[in-house]
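[1] this is a predicted model, with the sequence first.
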Amino acid sequence: MIFNLDLLADDPVAFLVLFSALGTAILLGLVLHEASHAFAADQLGDRLPRARGRLTLNPLPHLDPAGTLLIALVGFGWARPVPVNPNATRNPKAALAITAVAGPATNFLIAAVASLPFRLGSLEWFSLYRAQDTGGWGIEEYAGFYLGAIVVISIILGIFNLIPIAPLDGFKVAIGILPRELSRSFARLERIGPVVLISLIALPFLTGGQVSPLADVMFPLIGTLTEFFTGVDGRIN
């Protein structure tokens with residue numbers, strides 16, 4: 001588990017704060033993430049997202065019923081992918097990459113905005129990974145914990161979606177920026193992408209945490225970006 005949950009056993013308020021931050025970051029992140037895909041595609045001349053009603057900040061067209069239910073139940077879910085047609089643009093390869101990267105970029109923007117109170121010194125940063133005493137916490141401490149969780153979760157969503165494995169955005173970004181012949185060869189891996197991704201996610205559970213390629217790649221990046229946005233030490237280990 002990336003977050004330290006030991007302190008939550010004795011502090012129900014901290015548990016509710018973390019759960020609320022998780023729901024906020026994921027729900028907000030999913031909606032703005034998909035809306036950004038639609039906006040980027042529309043700006044590049046692809047009118048398909050507009051025609052499908054996805055060029056909106058209204059959450060309803062973006063949310064998937066099952067994915068939304070899981071957000072409410074377990075704090076993690078998914079949204080409806082935005083349909084795009086890069087071939088309708090002047091440069092389909094570039095349009096594919098730009099449209100794909102717009103989603104993760106929005107997650108990083110959310111992290112940057114939530115980081116402002118820490119950058120300005122208005123709130124104190126509380127590590128989400130290490131045990132600490134919450135006995136004397138008041139509103140300001142819980143607010144810092146809440147926003148800190150939104151920062152970290154938004155960064156995780158951004159980094160995860162940039163992994164170049166289908167169906168993640170990073171796969172489309174790679175297709176869009178690789179040289180044409182290499183891009184075509186890479187695109188053929190799309191059908192096995194979901195199997196590879198699920199296998200990578202399952203490895204830590206199957207090996208008792210001994211093998212975790214995604215964590216090995218993501219954790220250093222999470223720490224680096226957390227420090228970049230907040231100005232505090234965001235290392236997980």
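    Looks like it came in fine. Keep in mind that what you see is a predicted model, and the values were worked out from it rather than measured.

[2] out of everything not next to it in sequence, what's closest to residue 33?
    residue 103 (4.1 Å; CB to CB, 6 or more residues apart in numbering). Where C-beta positions appear, they are placed from N, C-alpha and C, glycine not excepted.

[3] gap between that neighbour and residue 91?
    With the distance defined as CB to CB, to the nearest Å, residue 103 ends up 19 Å from residue 91.

[4] between these two, tell me which one has more neighbours.
    Neighbours per residue (other CB atoms under 10 Å) separate residue 103 from residue 91, with residue 103 holding more: 29 against 13.

[5] helix or strand next in line after the strand or helix carrying the residue nearest to residue 33, which one?
    Here residue 103, judged by DSSP states H and E, is contained in helix 92-119. Downstream of helix 92-119, the first helix or strand assigned by DSSP H and E is helix 139-161.

[6] centre of the chain to that next one, how far?
    How far helix 139-161 lies from its chain's middle: 11 Å, per CA atoms, centre = their mean, to the nearest Å.

[7] show the average pLDDT along it.
    Here helix 139-161 scores 93 as its mean pLDDT.

[8] equivalent analysis for stretch 13-32, please.
    87.

[9] and that stretch, what's buried?
    Within stretch 13-32, the residues scored as buried using 16 or more other CB atoms under 10 Å are 14, 17-18, 21-32.

[10] cool, and stretch 220-236?
    Neighbour-count burial for stretch 220-236 [16+ other CB under 10 Å]: 222-223, 225-226, 229-230, 232, 234, 236.

[11] now intersect the residues you listed with the strands, please.
    Assigned to strands by DSSP state E, none of these qualify.

[12] I'd like to know how far the residue nearest the centre of the chain sits from residue 139.
    Nearest residue to the geometric centre of the chain (CA atoms, centre = their mean): residue 157, 1.2 Å. Residue 157 sits 27 Å away from residue 139, going by CB to CB.

[13] I'd say residue 203 and residue 213 touch.
    Yes. Between residue 203 and residue 213 there is a contact at 6.7 Å, judged by CB atoms under 8 Å.

[14] so, low pLDDT: which residues of the chain?
    1-9, 70-77, 129-132, 236-237 (pLDDT under 70).

[15] report the distance from the lengthiest helix in it to the chain centre.
    Determined from DSSP state H, the single longest helix within the chain is helix 12-43. Averaging C-alpha positions (CA atoms, centre = their mean) puts helix 12-43 8 Å from its chain's average.

[16] and the angle for the helix holding residue 103 with helix 12-43?
    150 degrees (axes from the mean of the first three to the mean of the last three CA atoms, to 10 degrees).

[17] helix 92-119 packs against which elements?
    helix 12-43, helix 139-161, helix 169-177, helix 213-230 (3 or more CB pairs under 8 Å, 6 or more residues apart in numbering; DSSP states H and E).

[18] any chance of these in TSV, plus distance to residue 195?
    Output for those, formatted as TSV (distance: least, CB to CB, whole Å):
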stretch	distance to residue 195
helix 12-43	24
helix 139-161	17
helix 169-177	13
helix 213-230	15
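
[19] nearest to residue 122, of the ones you listed?
    helix 139-161 (8.8 Å; CB to CB).

[20] tell me which residue of this protein is furthest from the middle?
    Distance from the C-alpha centroid of the chain, by CA atoms, centre = their mean, peaks at residue 136 (31.6 Å).
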